[in-house]
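1. what's the 3D shape of this:
(one chain, ligands or ions: 4)
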Amino acid sequence: MKDNSRDLMLADNGDEELSNHSGNPDFASVLEKRMSRRDIMRGSLAAAVAGVFAASGAGTALARPGFLPPQAKGRPPFGLKGELGFTPVPVSIADTTVVPAGYSAKPFLPWGTPICGHYPAYLEGGLNSGADQECQIGMNHDGIHYFPMGRGDKASRHGLICMNHEYIDQPKLHPNGPTVVNGVRVVEDEVRKEIAAHGVSVVEVREVAHGNWEVVKGQYNRRITAGTPMEIRGPVRGSDLVKTQYSPKGTMTRGTINNCAHGYTPWGTYLTCEENWAGYFTNKTGRPREHSRYGVRTGSTRYGWDSVSHIDEYARFDASALGNSAVEDYRNEPNGQGWIVEIDPFDPASTPIKRTSMGRFAHEGVVFAPAKAGQPLAFYSGDDAQNEYIYKFVTEGRYQPGRTSGDILDKGTLYVAVFHDDGSGEWRALDLRDPRFRAAAASAGVEFKDQADVLVNTRLAADVIGATKMDRPEWGAVHPQTNEVYFALTNNSSRGGASNPVDAANPRANSAFGHIIRWRERGNRPWALQFNWDIFLLAGPADDSRKLDGEPLDDTNIVASPDGLWFDHQGVLWIQTDMGGSQQRAEQGRFGNNQMLAANPYTGEMRRFFVGPLGQETTGVITTPDSRTMFVNIQHPGESGEVYPQVASHWPDGGNARARSATVIITKDDGGVVGN
Ligand code: FEO
Ligand code: CA
Ligand code: CA
Ligand code: CA
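-> Ligands and ions are numbered 1, 2, ... in the order given. As a prediction, the model looks like this:
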């Protein structure tokens with residue numbers, strides 16, 4: 001089993017290997033030539049990219065880098081006037097959190113914090129049992145949201161936190177790592193604990209004093225894990241593709257796995273997104289397309305849960321065709337993963353719901369365009385793997401504040417993005433009702449039995465329609481006022497290969513540092529089928545980066561591998577980074593530990609606000625409605641016990657303690673708005 005944890009380390013934070021081998025067209029041979037010319041003329045790649053925009057002359061305002069003109073209506077941005085209001089912090093390789101002068105940071109809700117049931121205290125050294133972990137905060141914090149409780153001032157002092165626990169650090173979870181004999185997990189409770197350390201935590205919290213919060217032992221506190229029963233809704237409900245021994249009617253499945261970023265809905269529910277779930281499964285009897293296109297394994301699974309084959313709960317991770325039919329085995333179990341799951345945090349008895357109309361892929365997160373009464377809702381979600389796609393789901397129903405529920409998510413149209421080299425873009429439907437999609441499938445010789453088949457095979461459907469391969473789409477964020485959509489494209493070591501040449505939207509070969517793309521829908525209508533896009537940021541060192549103003553990054557904002565994005569209530573764009581283990585080891589001296597910056601979306605001004613401890617990823621950020629308290633998640637400090645050039649992490653407990661993922665509470669000492 002050490003092999004599996006080694007796999008995890010090698011794959012940088014659980015990222016999956018490339019599985020898009022489609023010959024899907026990328027568009028930019030002309031552009032490439034253009035870029036080479038500009039490159040020679042201007043002397044740097046960043047300048048070359050600016051040159052692409054200037055040269056494409058498609059009639060939109062392409063003259064300056066960042067060609068989307070601010071909206072006439074709705075300026076100036078609320079709250080965000082002129083420069084950002086804090087002194088940037090330098091890069092850091094300390095095993096602690098760094099915040100600007102006048103701010104404080106305090107760890108909160110570390111892995112193992114008791115939140116429900118018998119409230120078992122955290123025991124150092126991996127000594128808690130599986131039953132304990134089912135009542136404690138999980139491992140590897142990721143997306144986080146704050147749902148206020150109470151009105152007015154109270155809303156920002158009392159609420160429910162929902163957060164994802166993306167994966168586990170096996171060596172750290174048990175006293176001596178996983179116990180494996182001849183490839184079999186021989187200690188069942190270890191597997192129980194690993195499953196319980198995944199999923200989502202719902203926890204009631206209350207401010208005791210400014211910057212100091214406590215867990216409330218309330219009725220809403222709940223752990224949802226990789227084993228929690230969940231309902232399948234939308235077009236895939238009842239499909240043959242999700243029938244299993246556990247659910248012969250194809251209406252239920254168990255667990256949510258590898259929950260990366262999150263979303264929420266206008267009606268106050270939490271959305272958790274299943275990202276790199278494929279490696280948890282194996283299929284040794286021949287993978288159908290809905291397994292192979294996602295990277296379901298043919299050998300050992302990431303954590304070996306399937307090896308406990310005498311217990312149904314664990315045996316289901318073996319998706320081989322072992323029985324006479326699908327209802328006698330778990331050949332369809334992986335088809336129950338890869339969805340967006342809706343959780344009602346205010347109904348602790350509710351069953352989480354897999355909303356299948358939003359597609360099946362490695363969902364990083366999901367974000368909706370500002371909801372307007374009487375209009376359809378639009379949700380954006382990226383598929384985080386090399387050369388995968390960005391999607392939009394538009395509801396068939398129209399939003400009715402106070403009346404709309406999650407059921408609106410069960411009917412609508414799923415689209416995938418095509419980025420043209422002239423700065424325009426289009427959304428193409430993945431829907432058998434759409435003649436263009438039917439024609440594309442027919443000409444590609446791909447058959448889809450019904451819409452459930454399309455959705456279970458979302459990646460294949462997007463291949464067929466000619467979607468644009470992207471540099472690993474991570475979090476998205478929608479500007480609350482302009483509706484501009486921002487997406488982080490974290491990096492892509494395979495960009496520039498024969499089947500995925502550089503293009504205008506993914507402009508750097510072997511993209512090591514990543515970029516942020518943004519677009520505005522035509523007519524500013526979230527359901528529009530066309531959009532205009534530009535590049536907000538090319539991350540990287542001073543000689544290979546570009547901000548919106550055309551200038552390179554400097555000491556106050558040098559950044560690599562953008563991942564988390566969020567617009568706060570003031571209109572500040574927060575950018576979090578996830579340099580993987582190998583990048584951190586190689587680049588620690590230049591980029592420091594993973595960090596969080598603030599950016600002004602109008603001017604492109606960026607400042608470093610926060611640096612996390614050693615070996616962690618800074619991922620997940622939310623504030624209270626009054627913006628006085630910020631919660632930031634720290635994932636995998638001292639990842640897998642690795643020793644970085646400085647030292648291994650012992651954050652937040654210090655001494656020789658095992659490092660723990662945790663939330664950080666950030667406040668301004670004068671009680672003011674964070675970031676202002
Ligand atoms: Fe879980 Fe794409 O980061
Ligand atoms: Ca992560
Ligand atoms: Ca991420
Ligand atoms: Ca990432």
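2. kindly indicate whether Ile634 is helix, strand or coil.
-> Look at Ile634: counting by DSSP: H, G, I helix; E, B strand; the rest coil, its state is strand.
3. so what's the residue in the stretch 551-676 of the chain that ligand 4 sits nearest to up against?
-> Closest residue of the stretch 551-676 of the chain to ligand 4, CB to the ion: Asp578 (3.6 Å). Every C-beta, even on glycine, is put in place using the N, C-alpha and C of the backbone. Neighbouring residues of Asp578 by CB atoms under 8 Å, 6 or more residues apart in numbering: 13, 474, 490, 561, 563-564, 594, 617-619.
4. want to throw the residues you listed into CSV with pLDDT and neighbour count?
-> Converted to CSV, the contacts of Asp578 look like this (pLDDT from 0 to 100; neighbours: other CB atoms under 10 Å):
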residue, pLDDT, neighbour count
Asn13, 46, 22
Glu474, 98, 28
Thr490, 98, 29
Ser561, 98, 28
Asp563, 98, 28
Gly564, 98, 31
Asn594, 97, 31
Glu617, 97, 31
Thr618, 98, 28
Thr619, 98, 31
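5. which of those are close to ligand 4?
-> Asp563 (CB under 5 Å from the ion).
6. Gly374 looks like it's in a helix, true?
-> No - counting by three-state DSSP, Gly374 falls outside a helix, being coil.
7. run a quick neighbour tally on it.
-> Around Gly374 there are 8 other residues, counting by other CB atoms under 10 Å.
8. correct me, but it touches Gly397?
-> No - in this structure, Gly374 is not within contact of Gly397 by CB atoms under 8 Å, at 10.7 Å.
9. now stretch 316-329, how far from the chain's geometric center?
-> How far stretch 316-329 lies from its chain's middle: 30 Å, per CA atoms, centre = their mean, to the nearest Å.
10. what of stretch 114-123?
-> 28 Å.
11. give the buried residues for that stretch.
-> 114-116, 120, 122 (16 or more other CB atoms under 10 Å).
12. what lies in contact with it?
-> Taking CB under 8 Å, 6+ apart as the rule, stretch 114-123 contacts 110-113, 128-129, 131-132, 134-137, 201, 203, 215, 217, 221-223.
13. Val91 versus the residue of the stretch 551-676 of the chain closest to ligand 4, what's the distance?
-> Distance of Asp578 to Val91, given as CB to CB, to the nearest Å: 16 Å.
14. repeat for Ser19
-> Following CB to CB, the distance that separates Ser19 from Val91 is 34 Å.
15. over to Leu537?
-> Leu537 is 17 Å from Val91, by CB to CB.
16. try Gly466
-> 41 Å.
17. what stretches of this structure score poorly on pLDDT?
-> Applying pLDDT under 70 to the chain flags residues 1-18, 23-82, 640-647.
18. again, 50 this time
-> Applying pLDDT under 50 to the chain flags the ranges 1-14, 25-78.
19. including secondary structure and distance to Asn283, could the contacts of Asp578 go into a markdown table?
-> Formatted as a markdown table, those follow (DSSP: H, G, I helix; E, B strand; the rest coil; distance: CB to CB, whole Å):
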| residue | secondary structure | distance to Asn283 |
| --- | --- | --- |
| Asn13 | coil | 24 |
| Glu474 | strand | 28 |
| Thr490 | coil | 28 |
| Ser561 | coil | 32 |
| Asp563 | strand | 30 |
| Gly564 | strand | 32 |
| Asn594 | coil | 34 |
| Glu617 | strand | 30 |
| Thr618 | strand | 35 |
| Thr619 | strand | 30 |
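20. can I get the contacts of Asp578 in a markdown table including distance to Ile343?
-> Output for the contacts of Asp578, formatted as a markdown table (distance: CB to CB, whole Å):
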| residue | distance to Ile343 |
| --- | --- |
| Asn13 | 24 |
| Glu474 | 22 |
| Thr490 | 26 |
| Ser561 | 29 |
| Asp563 | 23 |
| Gly564 | 20 |
| Asn594 | 27 |
| Glu617 | 23 |
| Thr618 | 24 |
| Thr619 | 19 |
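21. phi first, then psi, for the closest residue to ligand 3 within the stretch 301-450 of the chain.
-> Relative to ligand 3, the nearest point of the stretch 301-450 of the chain is Glu364 (5.7 Å; CB to the ion). In terms of degrees, to the nearest 10, the main-chain angles of Glu364 are phi -70, psi -50.
22. so how many other residues sit close to it?
-> Neighbour tally, Glu364, other CB under 10 Å: 30.
23. that one and Glu275 touch, don't they?
-> Yes - between Glu364 and Glu275 there is a contact at 5.9 Å, judged by CB under 8 Å.
24. tell me which residues touch the closest residue to Asp555 other than its chain neighbours, please.
-> Leaving aside its chain neighbours, Asp555 sits nearest to Pro90 (6.8 Å; criterion: CB to CB, 6 or more residues apart in numbering). Applying CB under 8 Å, 6+ apart to Pro90 gives the contacts 98, 555, 592, 608.
25. distance check, Pro90 against Asp554.
-> 11 Å.
26. count the neighbours of Asp347 for me.
-> Quick note: Asp347 (other CB under 10 Å) scores 11 neighbours.
27. sorry, wrong one. I was asking about Trp427.
-> Trp427: 24 neighbours (other CB under 10 Å).
28. same question, Val181
-> Around Val181 there are 10 residues (other CB under 10 Å).
29. coming back round to it: contacting residues around the residue lying closest to the residue of the stretch 551-676 of the chain closest to ligand 4 once chain neighbours are set aside?
-> Setting aside the residues directly before and after it, Asp578 is nearest to Asp563 in space (CB to CB, 6+ apart), at 3.8 Å. Neighbour list for Asp563: 474-475, 488, 490, 576-578, 617, 619 [criterion: CB under 8 Å, 6+ apart].
30. residue in the stretch 401-550 of the chain with the shortest distance to ligand 4?
-> For the stretch 401-550 of the chain, CB to the ion, closest residue to ligand 4: Thr490, 5.1 Å.
31. isn't that residue right up against Trp475?
-> No - counting by CB under 8 Å, Thr490 does not reach Trp475; the two are 9.3 Å apart.
32. distance check, the closest residue to ligand 2 within the stretch 201-350 of the chain against ligand 4.
-> Proximity of the stretch 201-350 of the chain to ligand 2 (CB to the ion) peaks at Cys260, 6.0 Å away. Look at Cys260 and ligand 4: by CB to the ion, to the nearest Å, they are 8 Å apart.
33. chain neighbours aside, what residue packs nearest to that residue?
-> Glu275 (3.8 Å).
34. backbone dihedrals for the closest residue to Val202 other than its chain neighbours, both of them.
-> In space, Val202 comes closest to Arg222 once its chain neighbours are excluded; the distance is 4.3 Å by CB to CB, 6+ apart. Note on Arg222: backbone dihedrals following degrees, to the nearest 10 are phi -160, psi 140.
35. ok, now Gly227?
-> According to degrees, to the nearest 10, Gly227 has phi -120, psi 0.
36. test my guess that it contacts Lys193.
-> No - the pair Gly227 / Lys193 is not scored as a contact, 11.3 Å apart, by CB under 8 Å.
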